[in-house]
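Novice: need a 3D model of the sequence below.
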Amino acid sequence: MPAKTHQDILLMRWALFSVAGLILIVALYSLGITPVWARSLKEAMASVPFLLPPEAPALSPGTGFLLCMAITLALVYDLLLIRGTLRKTAVLAAFLLLLACFTPVLGLWGFFFNAIPCLLSAGSAGALAILWPSPPSCPASSRTSSRS
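Specialist: Numbering: from 1, shown residues only. Now for the predicted structure:
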C-alpha cells in the first residue's frame with residue numbers, strides 16, 4: 001500500500017475540518033437554536049443606528065447554508081496552507097471580525113444577514129485547522145534506493 005502524500009493529507013484534513021464545522025451549524029439549526037438567534041439579532045438591529053424594518057429582506061436558510069459552506073471551505077483551505085500558529089490565528093481572527101461586520105453593514109442598507117451560523121462554522125473549523133498538529137514536511141525528492 002503506497003504511503004500517503006502531503007497533498008492527500010492536506011485534502012483529508014481540509015474535508016474533515018470543513019465538514020465538522022458544517023455539521024455544527026446543521027445540528028444547531030435542527031435543534032432550532034439558530035432561528036432563535038436570527039430573530040434576536042433582527043430585533044436588536046431594529047433599534048438605532050440600524051433601524052432595520054421588520055419586513056426587511058433576508059437570506060433563505062438554504063442560501064445562508066451555501067454561503068456558510070463556501071466561507072468555511074475557503075477559510076480552512078487557506079489556514080491549512082499558512083505556516084505558523086500565530087499567523088493562522090491572526091488570519092482567523094481577522095476573517096471572523098470582517099464576517100461579523102458584514103451583518104451591520106448590510107443592516108444599514110436595509111438587508112438582514114444572519115452571520116452567526118457562518119461565524120460558528122468558520123470559527124470552529126478554523127480552530128480545528130489551527131489546533132490540529134501539522135504533518136511533518138516530506139520533501140518529494142527524498143526517496144533513496146537501498147539496492148546495490
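
Novice: can you pull the alpha-carbon coordinates of stretch 117-128 into CSV?
Specialist: These are the backbone C-alpha positions of stretch 117-128, laid out as CSV (Å, rounded to 0.1, in the frame of the first residue of the first chain):
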residue,chain,number,x,y,z
PRO,A,117,-24.1,30.4,11.7
CYS,A,118,-21.2,31.4,9.4
LEU,A,119,-19.2,32.6,12.4
LEU,A,120,-19.8,29.3,14.2
SER,A,121,-19.0,27.1,11.3
ALA,A,122,-15.9,29.0,10.1
GLY,A,123,-14.7,29.6,13.6
SER,A,124,-14.9,26.0,14.8
ALA,A,125,-13.4,24.6,11.5
GLY,A,126,-10.7,27.2,11.7
ALA,A,127,-9.9,26.4,15.3
LEU,A,128,-9.6,22.7,14.3
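
Novice: avg pLDDT for it?
Specialist: Averaged across stretch 117-128, pLDDT comes to 94.

Novice: which residues of this protein fall in helices?
Specialist: 6-30, 33-44, 61-81, 85-108, 116-131 (DSSP state H).

Novice: contacts for the first one, please.
Specialist: Yep, that's helix 6-30 we're talking about. The contact list for helix 6-30 (C-beta atoms under 8 Å, 6 or more residues apart in numbering) reads 34-35, 61, 65, 68-69, 72-73, 76-77, 80-81, 117-118, 120-126, 128-129, 132, 135, 137-138. C-beta coordinates here come from the backbone N, C-alpha and C atoms, glycine included.

Novice: what's the answer for the shortest one, then?
Specialist: The set of residues that contact helix 33-44 without belonging to it, under C-beta under 8 Å, 6+ apart, is 25, 28, 29, 52, 54, 56, 58, 103, 112, 114, 116, 117.

Novice: what about the first one, how many residues nearby?
Specialist: Counted with other C-beta atoms under 10 Å, the burial measure for residue 25 works out to 24 neighbours.

Novice: how about the last one?
Specialist: The burial metric for residue 117, expressed as a neighbour count using other C-beta under 10 Å, is 26.

Novice: with adjacent residues omitted, what lies nearest to it?
Specialist: Spatial nearest neighbour of residue 117, excluding adjacent residues (C-beta to C-beta, 6 or more residues apart in numbering): residue 25 at 4.4 Å.
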